[in-house]
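**Q** fold the stuff below for me.
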Amino acid sequence: MLAVPNRWTAMAAAVLAAAALAACGNSSSSGTSSAGKPVYGGTLRMIADGGPDHLDPVAGYYSPDYILEHTYARQLVSYPTPTTPLTSTSGSAWTKATTVVPDVATELPTQANGGISANGLVYTFHIRSGVMWNTSPPRQVTAADFIRGFKAFCNPVAPVGNVLYYQSTIAGFTSYCDSENAHFSAKPAPAETGANIAAWQNSRLWPGVTR
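**A** As a prediction, this is how the structure comes out:
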C-alpha cells in the first residue's frame, strides 16, 4: 500500500513520473502463437525523427521520452494505448485515450472505495499482485519501489522534469528537496554518485509518501 498525502491536482502526473517500473509478468521464451494470442520476447524496433533526452523515467519530460518509456515501464496509473487512430480531440476514442486508468495500482482511489481520505488530502494506492521486476529471479513490485521513485525526484544528477508540478501536490515535497539539495551542495560536498545519493535518500523519511 502506498499513501500520498495532498490534493489530486497533478496527481496523475506525479504517479506517472514516479518510479516507472520495468516489469515482466512471465519468463517464458518467445515463439509463434495462434492469431491474437500474445507471446513473450522478440525484438521491437521504433523509428522516429528524434530521440528521447532521457531513458530514466524520473528525468524524462518530453513526448519522445514518454512514448519510448511506455514500451518498457509501468506506473501506478497510466493512459490506455489507443486501439484506433485518434482523428480529433473529441469523441469516445479521445475520451478513452485521455482518461487515467490503473496500471500497477489495483484501482483508482476514490472516497467510495476508501482510497481518498474524507478531507481529500490523502490518496492510498494498493499494488497489484503479480507485477514483477524483470530480474532473475523475478521480484514482486512493492510500494517501497514507488517510494524510492518519488525520492529520486530531486536527485542532484537527473531530477524530475518540472518540480513545480509537485510542490503544491505532495506534502513535504519542497522541504525534502531542499534538504537533499543542501546536502549535496555543502562544502565540502559529497560526490554525486549513485551510492551516495541512494544512501542519503534511504536514510530519510518523507511523511508525504509512506506505506
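
**Q** what is the longest helix of this structure by residue count?
**A** Looking across the chain with DSSP state H, the single longest helix is helix 173-184.

**Q** list the helices and strands that helix packs on?
**A** helix 164-167, helix 194-202 (3 or more Cβ pairs under 8 Å, 6 or more residues apart in numbering; DSSP states H and E). Just so you know, the C-beta spots here come from the backbone N, C-alpha and C atoms, and that holds for glycine as well.

**Q** check which element follows the helix or strand of the chain with the lowest mean pLDDT along the chain.
**A** Within the chain, no helix or strand scores below helix 11-17, which has a mean of 47 by mean pLDDT, DSSP states H and E. Using DSSP states H and E, the next helix or strand after helix 11-17 towards the C-terminus is helix 63-69.

**Q** mind checking how far that following helix is from the chain centre?
**A** 13 Å (Cα atoms, centre = their mean, to the nearest Å).

**Q** and what of stretch 153-160?
**A** 14 Å.

**Q** what are the contacting residues of it?
**A** 17-18, 54, 56, 58-59, 61, 152, 163, 166, 173, 176-177, 180-181, 184-185, 192, 197, 201 (Cβ atoms under 8 Å, 6 or more residues apart in numbering).

**Q** check contacts around Pro52.
**A** With Cβ under 8 Å, 6+ apart, Pro52 has these contacts: Gly60, Tyr62, Pro64, Asp65, Ile67, Leu68, Glu69.

**Q** repeat the analysis, applying 10 Å as the threshold.
**A** By Cβ atoms under 10 Å, 6 or more residues apart in numbering, Pro52 lies in contact with Ala59, Gly60, Tyr61, Tyr62, Ser63, Pro64, Asp65, Tyr66, Ile67, Leu68, Glu69.

**Q** same question for Gln111.
**A** Taking Cβ under 10 Å, 6+ apart as the test, what Gln111 contacts is Ser117, Ala118, Gly120.

**Q** now Pro82: which helix or strand?
**A** With DSSP H and E as criterion, Pro82 is part of no helix or strand.

**Q** can you count the residues close to the nearest residue to it once chain neighbours are set aside?
**A** If the residues on either side of it in the chain are set aside, Pro82 comes closest to Ala97, at 4.6 Å by Cβ to Cβ, 6 or more residues apart in numbering. Per other Cβ atoms under 10 Å, the neighbour tally for Ala97 reads 16.

**Q** what of Asn155?
**A** Other residues close to Asn155 by other Cβ under 10 Å number 22.
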